[in-house]
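Chemist: no sequence for this one, just the structure:
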Ligand code: HEM
């Protein structure tokens with residue numbers, strides 16, 4: 001596959017509509033999760049759409065979260081002082097991946113390993129930035145995630 005023919009992760013998973021389906025369903029399921037339910041007890045109705053916009057930008061889609069929602073520093077700020085635990089983080093990642101399966105999102109090894117790579121990285125940052133003393137870098141760039149070592153989707 002030539003570089004020009006390699007889709008972004010965003011295109012491969014189905015773009016913003018697919019991410020919105022994922023986050024809407026994920027935060028519905030969060031409410032019924034014993035570990036995660038209390039963490040998201042006070043989230044606003046726009047939270048799933050904001051997280052979808054954030055993921056879209058990271059995975060190679062439009063830069064709408066940077067343009068409209070304050071970019072990476074704003075996202076980091078949302079996690080400050082929340083004292084998130086590793087158990088909560090693992091539950092968050094597991095439930096998101098479970099929801100991706102439930103919705104029939106691409107499950108080729110290349111895509112899923114790239115997705116898991118980002119979720120591991122991003123969720124660990126969320127935990128680190130939720131601990132006492134965490135400081136937000138106001139210039140933190142938006143992370144950009146690609147296919148990593150596998151360089152493109154499953155080609156048979
Ligand atoms: C890759 C991992 C993650 C991403 C991309 C992410 C993304 C975001 C974003 C974009 C927001 C702000 C939404 C807005 O602008 O309104 C947010 C808020 C939040 N996140 Fe995360 N997050 C991640 C991991 C986690 C984890 C692991 C937890 C807890 C287990 C968590 C808990 C929260 C909470 C509690 C809020 C605030 C919700 C509220 O408004 O009450 N996040 N996250």
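Modeler: Now that the structure is in, tell me what you want to look at. Owing to the predicted nature of the structure, the values given are computational and were not obtained by experimental measurement.
Chemist: residues contacting the residue in the chain that the ligand sits nearest to?
Modeler: Across the chain, no residue is closer to the ligand than residue 122, which sits at 2.4 Å (CB to the nearest ligand atom). Bear in mind the C-beta positions are built from the backbone N, C-alpha and C, glycine included. By CB atoms under 8 Å, 6 or more residues apart in numbering, the contact set of residue 122 is 58, 143.
Chemist: Could you give me the buried positions within the strand or helix carrying it?
Modeler: Element membership for residue 122 (DSSP states H and E) is helix 109-128. Neighbour counts over helix 109-128 (16 or more other CB atoms under 10 Å) mark 110-111, 114-115, 117-119, 122-123, 125-127 as buried.
Chemist: What score does the closest residue to residue 124 other than its chain neighbours have for pLDDT?
Modeler: Nearest non-adjacent residue to residue 124, counting by CB to CB, 6 or more residues apart in numbering: residue 89, 6.9 Å away. What the model reports as pLDDT for residue 89 is 98.
Chemist: cool, residue 3 as well?
Modeler: pLDDT for residue 3: 65.
Chemist: The closest residue to residue 110 other than its chain neighbours: neighbour count?
Modeler: Among residues not flanking residue 110 along the chain, residue 150 sits closest, at 4.3 Å (CB to CB, 6+ apart). Neighbour count of residue 150, defined by other CB atoms under 10 Å: 15.
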